[in-house]
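Undergrad: predicted model follows, preceded by the sequence.
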Amino acid sequence: DPIGDGFYFDVRIVVNVETSIAKFVLGSTNAACHIICDTKALVENVVNKLSNHCNVLSVTGDTPSHEQMKCAEEWSKGTHDVLVSTVVALVGNENKKCRHIIVGGFLYNVSSLVQAIGRLRPDQRGPSSTVTVFRSGFGSKSREDAKTTERNSFSELVHASCLKDESLDDYSKVFSPVGLQTVLGLKDGCYVQSLSQFYGFARSPCENCSLCLKVETASTKASIVPSSSTLPMNPYKRLKATAKDIPVANKGIIPPVVENHVLSMMSQCVEMSAEERNIRRMADSVFRELLYRCIDCGKAHCNGECARGCYRCGDPNHRMNVCIYDNKKLGTILPNKGVCFGCYDTQMHGMETHDMKSCPLQRRLKRLVHMDRAKSMAPYDSYLRRLYTDELTFLKMIASFSGRVTLGR
């Protein structure tokens with residue numbers, strides 16, 4: 001699934017796109033922002049509004065190649081707050097401080113929108129990460145223009161023998177303006193689920209986009225705000241409740257109305273960042289424990305193979321020599337994830353180079369993966385894909401074993 005998880009997705013229909021983007025960015029004090037604009041004129045307008053308040057980089061298709069490379073290097077250093085670009089920068093985003101992707105205007109098709117979402121790398125995703133689209137309303141003329149553009153471009157591709165006539169439906173969803181208008185014009189359902197379906201992937205509603213939260217708020221209006229000491233399964237639900245369900249001390253007092261604007265979004269990001277730090281702290285304590293003993297059996301001499309059955313997939317009913325999950329099979333399940341199939345540590349957690357023979361974790365971390373998977377009894381393939389969706393999902397699983405840690409709490 002090219003969409004992935006680990007971010008909040010929102011679509012906002014505004015009158016003035018550049019002004020709305022500027023207000024959003026000026027409130028995003030907790031992380032860097034990458035703004036992707038549909039036109040060079042919008043890039044210029046956004047830069048003019050932000051240049052007096054932030055360290056801004058900008059790049060368009062007219063920027064010489066050597067300046068584009070220099071801009072990419074500067075952005076990767078993490079010393080700038082904002083990168084404003086056209087779709088020329090839809091490849092690469094090496095600023096690890098970047099947590100916000102902002103799309104200004106209409107990026108022509110779903111493929112470009114998905115590439116924009118992909119600018120959030122796995123280690124940049126988490127509770128405080130957002131993808132926000134600021135667009136103007138769609139009129140009847142724009143819809144007719146989109147259909148005309150789709151017919152003309154598809155006819156050219158069929159005439160050039162690049163596509164067949166029966167490919168029209170798939171082409172319309174992913175590569176034509178009609179598909180993007182369909183997604184951005186949704187009134188109910190789930191944005192992320194719809195994008196995944198366009199690429200042929202089935203998934204449950206994400207519960208982290210504005211459409212899902214709209215349904216959640218409507219169905220839980222009378223719910224009580226959870227305690228601040230409780231770590232919710234979905235932090236977005238908790239934050240939505242704190243914005244709407246404000247307790248009233250006296251019946252005669254009217255509770256203040258909290259609108260869905262940039263300040264409420266920033267308060268959400270701050271609270272979710274605190275929970276992310278707590279998850280990382282608990283995971284670090286588990287990693288430190290794994291360096292000297294197996295958490296499952298508690299023995300220092302155990303390398304993680306203390307359980308009965310296969311130490312490759314954790315199945316208690318067969319041995320390693322008949323297991324189908326060899327390195328080749330695991331490579332097809334987790335391509336380009338940076339996972340060591342010996343110990344199951346990842347580049348997302350900071351592993352740059354790795355030698356399995358001298359790995360201090362041995363197979364103790366892999367044992368935790370198998371223990372966690374045994375709780376849900378999910379198929380091994382789907383469990384691994386879900387576990388390594390992003391860094392925070394991986395660390396949440398590790399942190400769930402912090403209660404069994406004896407050192408470094």
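TA: It's in. Residues are numbered from 1 along each chain as shown.
Undergrad: any idea how far the residue lying closest to residue 367 once chain neighbours are set aside lies from residue 168?
TA: Nearest non-adjacent residue to residue 367, counting by Cβ to Cβ, 6 or more residues apart in numbering: residue 304, 4.1 Å away. Just so you know, the C-beta spots here come from the backbone N, C-alpha and C atoms, and that holds for glycine as well. Separation of residue 304 from residue 168 (Cβ to Cβ, to the nearest Å): 52 Å.
Undergrad: could you look up the SS state of residue 83?
TA: The three-state assignment at residue 83 reads strand, by DSSP: H, G, I helix; E, B strand; the rest coil.
Undergrad: can you list the weak-confidence ranges in this protein?
TA: Within the chain, the stretches with pLDDT under 70 are 28-30, 89-93, 140, 215-273, 347-358, 407-409.
Undergrad: all strands for it, in order.
TA: Along the chain, counting by DSSP state E, strands occupy 8-13, 32-37, 56-59, 82-85, 98-104, 130-135.
Undergrad: would CSV of the ones you listed with mean neighbour count and distance to residue 278 be doable?
TA: Putting these into CSV (neighbours: other Cβ atoms under 10 Å; distance: least, Cβ to Cβ, whole Å) gives the following:
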stretch, mean neighbour count, distance to residue 278
strand 8-13, 18, 19
strand 32-37, 26, 23
strand 56-59, 21, 33
strand 82-85, 25, 28
strand 98-104, 24, 17
strand 130-135, 23, 20
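Undergrad: got the contact list for residue 144?
TA: Residues near residue 144 by Cβ atoms under 8 Å, 6 or more residues apart in numbering: none.
Undergrad: repeat that for residue 197.
TA: residue 203.
Undergrad: can you tell me how far it sits from residue 51?
TA: 40 Å.
Undergrad: equivalent analysis for residue 285, please.
TA: 44 Å.
Undergrad: ok, those two, which is more surrounded?
TA: Between residue 285 and residue 51, counting by other Cβ atoms under 10 Å, residue 285 is the more crowded of the two (18 against 13).
Undergrad: surely that one touches residue 403?
TA: No - using Cβ atoms under 8 Å as the test, residue 285 is too far from residue 403 to be in contact (10.2 Å).
Undergrad: and residue 304 and residue 168? which has more neighbours close in?
TA: residue 304 (23 against 15).
Undergrad: which phi and psi does that one have?
TA: phi 100, psi 0 (degrees, to the nearest 10).
Undergrad: one more: the one 4 residues further on?
TA: Listed backbone geometry of residue 308 is phi -70, psi 140, with angles given as degrees, to the nearest 10.
Undergrad: which stretches in the stretch 101-250 of the chain count as helices?
TA: Under the criterion DSSP state H, counting those that start in this stretch, the stretch 101-250 of the chain contains helices at 110-117, 140-159, 168-174, 177-184, 191-198, 210-219, 235-244.
Undergrad: from the chain's centroid, how far away is the fourth one?
TA: In terms of Cα atoms, centre = their mean, to the nearest Å, the gap separating the centre of helix 177-184 from the centre of its chain is 21 Å.
Undergrad: could you do the first one as well?
TA: Average the C-alpha atoms of helix 110-117, do the same for its chain, and the two points are 13 Å apart (Cα atoms, centre = their mean).
Undergrad: which elements pack onto that helix?
TA: In terms of contacts (3 or more Cβ pairs under 8 Å, 6 or more residues apart in numbering; DSSP states H and E), helix 110-117 is packed against strand 98-104, strand 130-135, helix 168-174, helix 177-184, helix 191-198.
Undergrad: those: which one's closest to residue 395?
TA: Among the helices and strands packed on helix 110-117, strand 98-104 comes nearest to residue 395, with 15.9 Å by Cβ to Cβ.
Undergrad: output the closest one as CSV, restricted to C-alpha atoms.
TA: Output of strand 98-104 as CSV, limited to C-alpha atoms (Å, rounded to 0.1, in the frame of the first residue of the first chain):
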residue,chain,number,x,y,z
CYS,A,98,10.0,17.8,8.8
ARG,A,99,6.6,16.6,10.2
HIS,A,100,4.1,18.6,8.1
ILE,A,101,3.4,18.2,4.3
ILE,A,102,1.2,21.0,3.0
VAL,A,103,-0.4,20.8,-0.5
GLY,A,104,-1.4,24.1,-1.9
